[in-house]
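S.K.: Pasted the sequence and its predicted model underneath.
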Protein chains: 2
Amino acid sequence: METLTSHNITVMFLSLGVLLCAARLLGEIAQRLQQPAVLGELLAGVLLGPTVLGSLAPGLSGFLFPLQGVNAIALDAFAALAIVLFLLVAGMEVNLSTVWKQGKIGCKVGIASIIVPFFIAFAAALVIPEVLGRHEEADPLIFALFLAIAMSISALPIIAKTLMDMGLYRSDLGMVVVSAAIFNDLVGWIIFAVVLGFIGDPAGKGNAIMLTIVLTLAFAGAMLTVGRWLIHKVLPFVQAYTRWPGGELSFALILGLLGAAFTEWIGIHAIFGAFIAGVAIGDSSHLRERSRVIIDKFVSFIFAPVFFASIGLKVNFLTYFDFRLVLTLLLIACVCKLAGGAIGARWGGMLPREAWAVGFAMVSVGAMGIIVGIIALEAGIIRPRLFVALIVMAIVTSMLSGPSMRLLLRAEKKWRLRDILSSKLFLRELKTTSRREVIHEMTVTACEAEGLEGLDAQGVAKAVWSREEALSTGIGNAVAIPHARIEGLQRSLVVVGISATGIDFDAPDGKPAKVIFLILTPGNDPSPQLGLAAEIARLFRDERMADNVVRTKNFTDFLALLRAGTQ
Amino acid sequence: METLTSHNITVMFLSLGVLLCAARLLGEIAQRLQQPAVLGELLAGVLLGPTVLGSLAPGLSGFLFPLQGVNAIALDAFAALAIVLFLLVAGMEVNLSTVWKQGKIGCKVGIASIIVPFFIAFAAALVIPEVLGRHEEADPLIFALFLAIAMSISALPIIAKTLMDMGLYRSDLGMVVVSAAIFNDLVGWIIFAVVLGFIGDPAGKGNAIMLTIVLTLAFAGAMLTVGRWLIHKVLPFVQAYTRWPGGELSFALILGLLGAAFTEWIGIHAIFGAFIAGVAIGDSSHLRERSRVIIDKFVSFIFAPVFFASIGLKVNFLTYFDFRLVLTLLLIACVCKLAGGAIGARWGGMLPREAWAVGFAMVSVGAMGIIVGIIALEAGIIRPRLFVALIVMAIVTSMLSGPSMRLLLRAEKKWRLRDILSSKLFLRELKTTSRREVIHEMTVTACEAEGLEGLDAQGVAKAVWSREEALSTGIGNAVAIPHARIEGLQRSLVVVGISATGIDFDAPDGKPAKVIFLILTPGNDPSPQLGLAAEIARLFRDERMADNVVRTKNFTDFLALLRAGTQ
């Protein structure tokens, strides 16, 4: 019986723990800086792998992440499982009905944003393969197909996140972009699977390739029709006769694992089977939100970070960083995707400005491009130099996409309360006790805070008070939201004041306000005020919330309560 | 770069998928039969491993679960991760404050139920080691210590589940048992860790052993005091400044992984570090229920089944099944644990009958015994014969514990609504339209159902109607619960009737009843009626629930809706 030695086990848990810790930490920091989490997660691998730690302390790096032996196998196996589960979740997020509803425009954008980059990149790869870093022994056709795929795939999760941040997710534009990205994902992965079929057969026996392609298309077709229907029929039985939510969880994972095994067996990559299984499961209206959330959170916050960090361990990003290649790839990617998306949107009848915004949205390659890159590297089709360039391209396009859309649509990032709150504008214990005094105290705090010295405290307090006199702002459940729009204010700000005894704000339920939010927003735009007021009302829907706030000891406790909710 | 081949990946996902599928399926069946899920999960491994599949189709078994090579390593690594996460969750369930609250009695039971079995088993192992299947080369002292541990550890999750089933979890007796089991777990694992320290040093150098033991106790002590305090302080920061609930999830897992690596490194098993880390995290009142649930569900329904099934793959359970050894072990285990628990309870001042019930509760060895067994086998301390006997002992004691407690306390299993419902007592469309007719229609259905022919339909209908006349049973939200206690009825039964148009049951909110539950319970006991009525009221707290029920197509859909809730 072959078992892991104690040393293997120590290294395995230590390396997993360190990898997860670094990936999550840098992922969180990236998000704070308005960047995709995957950027931080990759960077964690780069820091821990040959690029940084491997150069500074080769012994430690070799101890934690050996390239050979039992631990290397265990980490590879874990990464393979992680990526399969990540694609299962990505598939579950694909909502086929969204594509149907948006119908034509979405499909047109989807088609154009695949075809344009695909053919430009394909042509480029055939014409200038050396510039693009083809492996000497790689088949030119396969190399070209691969590069074409890497350029034409898009990153649904990052696109969806960007749109949500801008408050455009549910807009017409947002739905076109999302349905195009779904279409793009679905078609892109099927083409990718077919390309992988070619690789499975390096000798080039036509029959074997054809068989793989036929099986791939048959699998995708069957899963998205009969399989989808069957899953929809079976799910109620699973829910009715197994422990909840365990049955549904296991059901989804078993389908994902078996789908992965099947597609790997027919000669394409395991992730494709997991993705298609995910689409088939996620499409059922019987699937409960709760199971989806459990799988999604566990995979997004545990498996995915480890996988993306493990990519950073694979090569030395500095040694293989080729500035010219990165720039070439970036240029091709940006121009192709931008053009493809915009052409599709114009073709679908959208206005020029909107069409460009759609184009910029589709530019982001993100996680999916990274996955294509690692597969190509492991299959020996591309050299480390191109791999590094692909990764950088995927990351940079994701970083560009959001800001450029924002610029074009002049859309403000939709600030959420917790992004605005700051410990400087947090008054743990209000000194004053009457409504007017409290408003004055909180306004002075706001105006004295860093960067806002220009405001006239008396004028602001007067504006808030005259609004308050017109109609009192006690909204019940011991919360009040005095507010005003202030000319010349650059960005929204919220001051929080807590009063254990409570201050009368003339609330409909008669309760004195224990938590007071002073909301000051720029004069020219009414929407942030409404959004913030609605968010506060939602947070304090539970009547015990205000008392929980009174019990918090400091700003961190207060923020934790708002984000994580009560027990 | 060493990577898994396509064949390895195919086998890995196929074997994981098959293992998870079989384990969950048999686990669910075991639970239906009122047995612990771990029984079914183990059985899945026995069926797929050398015992059954390996005998019938050695080729297939060897293909799916090879004993050597990359796939064996990957499965072992996955099982090691699974058991570490399982122990992390088990640790998070340990509630130290419960032990403090129950104070003396719990500790007394805990102490007695460790000491008595420990010393009896220890003595037996020294006196009759051959009978108990000691490995020839194993150190007699270590062997004896191991057997003593295996006999004195108890299965908190199974004990808690049994108590919940009997409705005794929140009773005084229940709290004593739970706190004793927690105490037992905590002390048992610490002793176990110390014993593992001995094994880490087969040469018997006293210094190394002492160092391991000191480090173990220092680690446990530090984690349960300073570590626990630090975690409690840090959690609000994690909640306040990271994405929710991802930050908390990762935080818990990172601590578990690093704890596992540390204890494996100092020479004891990785699971111990994960367990102690779990206790330290789970004890913080800042930890939100939602994160706990996500980790718990994912681990209990994905990782744990794979781990327990993988144990069944290790040896041939038929070849190594030794009836005399199994019986000897079972006898020692039952007598020791029963005596230990009962003595402790009497010592704590409980009445004899209750004391015996506590003893029977502590008999269950369950999952923890299995874990001790597999570690001993892999460390070469015990032979496969004893390993098989240990597993059987662990399972059988868990199966005995519940029924014997029930018999002793004459406690009925607390039936939940979904256990009682049956497709035979489900009227998708009521034929009648008035209150009286509906009660009659549903009563006739009940009395005609299998096994209940003895009931007099007219008499039952009359009893229900006279109850209904006294005070109408429409409880609002379009639900009515006509009911009666029937002399001579052996067990509770519930008939469900659905009426799309609604039937007037004089509800306080004036809505006609669309979902009618006819509750018939035995005449001598008022509690099931109240329990069922409360459960129905809770299920239909949401006013849309009744309309969702009307939209269900059949009994399965209905049951799925009750168990999994609405979207």
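M.R.: Arrived safely.
S.K.: remind me, longest helix of chain A?
M.R.: The residue-count maximum for a helix in chain A (DSSP state H) belongs to helix A:96-127.
S.K.: mind listing the helices in the stretch 251-400 of chain A by residue range?
M.R.: Ranges of helices in the stretch 251-400 of chain A, per DSSP state H, counting those that start in this stretch, are A:270-282, A:289-298, A:304-312, A:323-347, A:352-363, A:366-378, A:384-409.
S.K.: and of the ones you listed, who's closest to chain B?
M.R.: Distance to chain B, taken as CB to the nearest CB, is lowest for helix A:289-298 among the helices of the stretch 251-400 of chain A, at 4.6 Å. To be clear about C-beta, it is placed using only N, CA and C from the backbone, and glycine gets the same treatment.
S.K.: if we can go back for a sec, what angle separates the longest helix of chain A from helix A:352-363?
M.R.: Interaxial angle, helix A:96-127 versus helix A:352-363 (axes from the mean of the first three to the mean of the last three CA atoms, to 10 degrees): 70 degrees.
S.K.: and helix A:96-127, which residues are buried?
M.R.: Across helix A:96-127, burial judged by 16 or more other CB atoms under 10 Å in any protein chain shown covers A:96, A:99, A:102, A:105-118, A:120-122, A:124-126.
S.K.: Kindly report the residues of the stretch 101-250 of chain A close to chain B.
M.R.: Neighbours of chain B within the stretch 101-250 of chain A, by CB under 8 Å from any CB of the partner chain: A:200, A:235-250.
S.K.: need the contact list for A:Ile191.
M.R.: Residues near A:Ile191 by CB atoms under 8 Å, 6 or more residues apart in numbering or on different chains: A:Ile114, A:Phe118, A:Ile149.
S.K.: redo that, cut-off 10 Å
M.R.: Contact analysis of A:Ile191 by CB atoms under 10 Å, 6 or more residues apart in numbering or on different chains lists A:Ile114, A:Phe118, A:Leu145, A:Ala148, A:Ile149, A:Ser152, A:Ile153.
S.K.: do you know how far it is from B:Val495?
M.R.: Between A:Ile191 and B:Val495 the computed distance is 56 Å (CB to CB, to the nearest Å).
S.K.: Surely A:Phe307 touches A:Val89?
M.R.: No. A:Phe307 lies out of contact with A:Val89 (CB atoms under 10 Å); the separation is 11.8 Å.
S.K.: list residues touching both of those two?
M.R.: Common neighbours of A:Phe307 and A:Val89 (CB under 10 Å, 6+ apart) are A:Val299.
S.K.: neighbour-wise, which of those two wins?
M.R.: More crowded of A:Phe307 and A:Val89, by other CB atoms under 10 Å in any protein chain shown: A:Phe307, with 28 against 24.
S.K.: Which helix or strand contains the residue in the stretch 401-550 of chain A that chain B sits nearest to?
M.R.: With CB to the nearest CB as the measure, A:Arg418 is the residue of the stretch 401-550 of chain A nearest to chain B, at 8.5 Å. Using DSSP states H and E, A:Arg418 sits in helix A:417-420.
S.K.: so A:Gly502 sits in a strand?
M.R.: Yes. A:Gly502: assigned to a strand according to DSSP: H, G, I helix; E, B strand; the rest coil.
S.K.: Run the chain-centre distance for stretch A:85-92.
M.R.: Taking the mean of its C-alpha atoms, stretch A:85-92 sits 13 Å from the chain's own mean (CA atoms, centre = their mean, to the nearest Å).
S.K.: re the thing from before, give the next helix or strand downstream of the longest helix of chain A.
M.R.: That would be, after helix A:96-127 and using DSSP H and E, helix A:140-152.
S.K.: Quick one: distance of that following helix to the chain centre.
M.R.: 25 Å.
S.K.: Check which helices and strands the next helix or strand after it is in contact with.
M.R.: Per DSSP H and E, helix A:140-152 leads on to helix A:156-165 as the next helix or strand towards the C-terminus. With contacts taken as 3 or more CB pairs under 10 Å, 6 or more residues apart in numbering or on different chains; DSSP states H and E, helix A:156-165 sits against helix A:37-48, helix A:70-93, helix A:172-199, helix A:352-363, helix A:366-378, helix A:384-409.
S.K.: Distance to A:Ile268 added to these, as CSV?
M.R.: Formatted as CSV, the helices and strands packed on helix A:156-165 follow (distance: least, CB to CB, whole Å):
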stretch, distance to A:Ile268
helix A:37-48, 24
helix A:70-93, 12
helix A:172-199, 4
helix A:352-363, 25
helix A:366-378, 10
helix A:384-409, 20
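S.K.: Tell me which residues touch the residue nearest to A:Pro522 when sequence neighbours are not counted, please.
M.R.: Leaving out its chain neighbours, the residue that sits closest to A:Pro522 by CB to CB, 6 or more residues apart in numbering or on different chains is A:Leu489, at 4.8 Å. Counting by CB under 10 Å, 6+ apart, A:Leu489 makes contact with A:Ala446, A:Leu452, A:Gly454, A:Leu455, A:Val460, A:Leu520, A:Thr521, A:Pro522, A:Gly523, A:Asn524.
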